[in-house]
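K.L.:
Got a predicted structure plus its sequence, pasted below:
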Amino acid sequence: TKQLLTQLNSVLSLMNEQGQLATGGLYVYAPMSVKSCKVVYINMRCRRELRGSGNMYATLTSEISQNIVNRTMKILPYNVNVMDNEGKIIGSGDPKRISMKHEVAVEVIRKKQSIEVKSEDALLWGGVKEGLNLPIVIGDEIVGVVGITGKLDEIRGYGELVKMTAEMIIEQSILEKELQLDERINREVITQLINKGYKYDTMFYKKIKILQLNLNEPRVAIVIKGNTDELRLLSRLTDMLKELIEEHDLYTTLFTGEMVILKKVSLNDGIWNEEKTLQVLKIWLTKLDRLGLEISISIGSFYSEHKEWWKSYEEAKDALVVGEKLKVTQRIFQFRDVSLYVLLSKIIPTIKENSIFRGYDKLKLNDKNLELQNTLDSYIKNSGNSKQTAAELYVHRNTVQYRLSKIHEITGKNPFFYSDLFELYLSLIVDKLD
């Protein structure tokens with residue numbers, strides 16, 4: 001019952017988000033066939049009882065049935081048939097028997113017990129061959145029947161083995177579907193947690209309960225990007241990350257191919273231990289490098305309240321974009337290191353309209369080979385030290401002095417004055433971010 005209710009809640013959760021739920025009643029999710037299902041609304045003013053049992057995934061399909069047949073017949077030298085809960089053959093070692101009615105199976109379901117068919121009784125059962133037929137039970141529900149054709153003295157010892165094999169295959173199928181359902185709900189929850197505009201409603205907290213997530217655990221958002229369009233490599237990256245992430249980490253893959261992780265972190269007196277998180281990410285990078293793929297990682301800030309985790313995600317996302325545009329040398333971008341540049345990226349249109357930037361536009365027009373712009377960039381990185389700039393660019397110090405003077409001449413801003421150098425630096429950064 002608990003399993004069934006959990007799965008019903010998941011389905012209704014999705015419907016609720018799509019505005020498809022009416023009120024004042026009960027909903028029943030009912031598989032109708034291999035490819036279809038329906039959700040039945042029961043008006044409680046008319047009906048006061050809801051009766052149901054079993055697992056919503058415990059439907060015996062022809063695909064699963066044939067899988068049972070194929071696997072058992074690889075071991076046993078006897079024909080095996082699998083019948084659904086109406087006695088119709090849906091899996092068989094004899095393809096001609098598919099879709100035929102199996103009278104013994106109908107009786108097995110009715111009596112809820114195994115039935116042996118002796119050779120002399122075959123005609124009484126409409127031509128069914130000698131053999132053993134056993135109910136397939138999942139939970140307390142008979143979902144079908146498995147039959148072994150052969151002399152009873154030879155096959156009787158295999159009956160329970162085949163029955164157990166069939167039940168294990170079905171249970172495995174159910175488990176896989178439940179895991180897929182959990183993964184889908186997990187993706188939904190994480191997407192909602194990193195969504196700025198999401199309103200946390202009752203259904204959201206029901207999903208949290210289903211997944212048994214602890215929203216009080218400290219987390220930061222991490223974005224991991226593989227710089228390739230090759231789906232095969234992105235798939236391998238995702239698979240490897242799933243192996244690396246720790247038990248309590250929450251993750252999802254975006255349609256852009258980036259993976260978002262809400263990573264559980266350690267706190268010291270309520271303060272995030274950043275160094276410990278960075279050490280883990282460096283270990284990840286070392287292992288991910290085996291893929292031969294250029295990988296970037298970014299981290300947002302720590303927010304204790306789960307309703308603010310979206311801020312951490314936005315910061316991580318912005319840090320990744322800015323870090324790549326500025327061609328920052330490190331591969332792990334922390335928001336705190338690029339927060340100023342993120343702020344500038346948000347007001348680029350305003351800055352470009354200012355006269356400060358117009359001078360830099362003139363520099364770009366007169367510097368097609370980027371010689372002056374690269375010199376300015378290096379000069380700023382080296383804190384205004386002409387000697388170090390010359391060494392980095394492999395030119396004479398006088399050449400650096402000449403180029404800086406040329407920048408002054410073109411832009412009207414003197415790189416030797418800190419206030420002017422700041423304006424030039426601001427223009428340089430905005431140009432890279434634009």
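P.N.:
Done, it's in. Residues are numbered from 1 along each chain as shown.

K.L.:
make it CA atoms for all contacts and neighbour counts henceforth
P.N.:
Fine.

K.L.:
how about the most centrally placed residue in the chain, secondary structure?
P.N.:
By CA atoms, centre = their mean, the mean C-alpha position of the chain lies nearest to residue 252, the distance being 3.3 Å. Here residue 252 is recorded as strand under DSSP: H, G, I helix; E, B strand; the rest coil.

K.L.:
shouldn't it be in contact with residue 190?
P.N.:
Yes: assessed by CA atoms under 8 Å, residue 252 is found in contact with residue 190 at 6.7 Å.

K.L.:
coming back round to it: who does the residue nearest to the centre of the chain bridge with?
P.N.:
Assessed by DSSP bridges, residue 252 has beta-bridge partners residue 260.

K.L.:
and it, how far is that from residue 207?
P.N.:
16 Å (CA to CA, to the nearest Å).

K.L.:
how about residue 322, what does it touch?
P.N.:
338, 341-342, 345, 433 (CA atoms under 8 Å, 6 or more residues apart in numbering).

K.L.:
Just those residues: which are in helices?
P.N.:
Within the contacts of residue 322, residues falling in helices by DSSP state H are 338, 341-342, 345, 433.

K.L.:
possible to save those as JSON lines with pLDDT and distance to residue 355?
P.N.:
Formatted as JSON lines, the ones in helices among the contacts of residue 322 follow (pLDDT from 0 to 100; distance: CA to CA, whole Å):
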{"residue": "338", "pLDDT": "90", "distance to residue 355": "25"}
{"residue": "341", "pLDDT": "88", "distance to residue 355": "20"}
{"residue": "342", "pLDDT": "90", "distance to residue 355": "21"}
{"residue": "345", "pLDDT": "87", "distance to residue 355": "18"}
{"residue": "433", "pLDDT": "85", "distance to residue 355": "18"}
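
K.L.:
Closest one to residue 407 out of those residues, please.
P.N.:
residue 433 (20.8 Å; CA to CA).

K.L.:
and that closest one, how many residues sit next to it?
P.N.:
19 (other CA atoms under 10 Å).

K.L.:
those strands in this protein, which residues are they?
P.N.:
Using DSSP state E, the strands of the chain run over 25-31, 37-43, 79-84, 89-92, 115-117, 131-138, 141-149, 219-226, 250-253, 259-264, 267-268, 271-272, 295-299, 332-334.

K.L.:
which residues sit against the third one?
P.N.:
Right, strand 79-84. 60-61, 65-66, 68-69, 72-73, 89-94, 102, 105, 143-150.

K.L.:
Can you flag the buried ones in those?
P.N.:
60-61, 65-66, 68-69, 72-73, 89-93, 102, 105, 143-150 (16 or more other CA atoms under 10 Å).

K.L.:
helices and strands around the longest helix along the chain, which ones?
P.N.:
Determined from DSSP H, the single longest helix within the chain is helix 159-193. Helices and strands touching helix 159-193, by 3 or more CA pairs under 8 Å, 6 or more residues apart in numbering; DSSP states H and E, are helix 2-17, helix 62-73, strand 131-138, strand 141-149, helix 202-211, strand 250-253.

K.L.:
Now with 7 Å, please.
P.N.:
Applying 3 or more CA pairs under 7 Å, 6 or more residues apart in numbering; DSSP states H and E, we find helix 159-193 packed against helix 62-73, strand 131-138, strand 250-253.

K.L.:
follow-up on the earlier one: for the residue nearest to the centre of the chain, list the residues it contacts.
P.N.:
By CA atoms under 7 Å, 6 or more residues apart in numbering, residue 252 lies in contact with 187, 190, 259-261.

K.L.:
Kindly report the same for residue 190.
P.N.:
Applying CA under 7 Å, 6+ apart to residue 190 gives the contacts 251-252.

K.L.:
before we move on, what about residue 113?
P.N.:
134-135.

K.L.:
ok, now how distant is it from residue 391?
P.N.:
For residue 113, the distance to residue 391 - CA to CA - is 89 Å.

K.L.:
repeat for residue 158
P.N.:
83 Å.

K.L.:
can you give me the helices for the stretch 301-434 of the chain?
P.N.:
Using DSSP state H, counting those that start in this stretch, the helices found in the stretch 301-434 of the chain span residues 309-325, 335-346, 348-353, 355-365, 371-381, 386-393, 397-411, 418-433.

K.L.:
Contacts for the last one, please.
P.N.:
Spelled out, that is helix 418-433. So helix 418-433 is in contact with 322, 325-326, 344-345, 348, 356-357, 360, 413-415, going by CA under 7 Å, 6+ apart.

K.L.:
Buried ones among these?
P.N.:
322, 344-345, 348, 356-357, 360, 413-415.

K.L.:
The residues you listed into CSV, with extra columns for distance to residue 175?
P.N.:
Below are the buried ones among the contacts of helix 418-433 laid out as CSV (distance: CA to CA, whole Å):
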residue, distance to residue 175
322, 43
344, 50
345, 47
348, 51
356, 63
357, 61
360, 62
413, 69
414, 70
415, 67
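
K.L.:
just the residues you listed now: which is nearest residue 404?
P.N.:
residue 415 (6.3 Å).

K.L.:
Now the closest one. Nearest residue, chain neighbours left out?
P.N.:
residue 421 (4.6 Å; CA to CA, 6 or more residues apart in numbering).

K.L.:
neighbours around that neighbour, how many?
P.N.:
Neighbours of residue 421 using other CA under 10 Å come to 19.

K.L.:
What pLDDT is listed against it?
P.N.:
Here, the pLDDT recorded for residue 421 equals 89.

K.L.:
what's the spacing between it and residue 351?
P.N.:
16 Å.

K.L.:
just residue 173 next, same as before
P.N.:
Residue 173 is 59 Å from residue 351, by CA to CA.

K.L.:
Can you pull out the low-pLDDT segments for the stretch 1-150 of the chain?
P.N.:
Within the stretch 1-150 of the chain, the segments meeting pLDDT under 70 span 1-58, 127.

K.L.:
rerun at 80
P.N.:
Along the stretch 1-150 of the chain, the parts satisfying pLDDT under 80 run over 1-59, 121-128, 139.

K.L.:
With the stretch 201-350 of the chain instead?
P.N.:
For the stretch 201-350 of the chain, the ranges with pLDDT under 80 are 210-211, 228-231, 255-257, 328-329.
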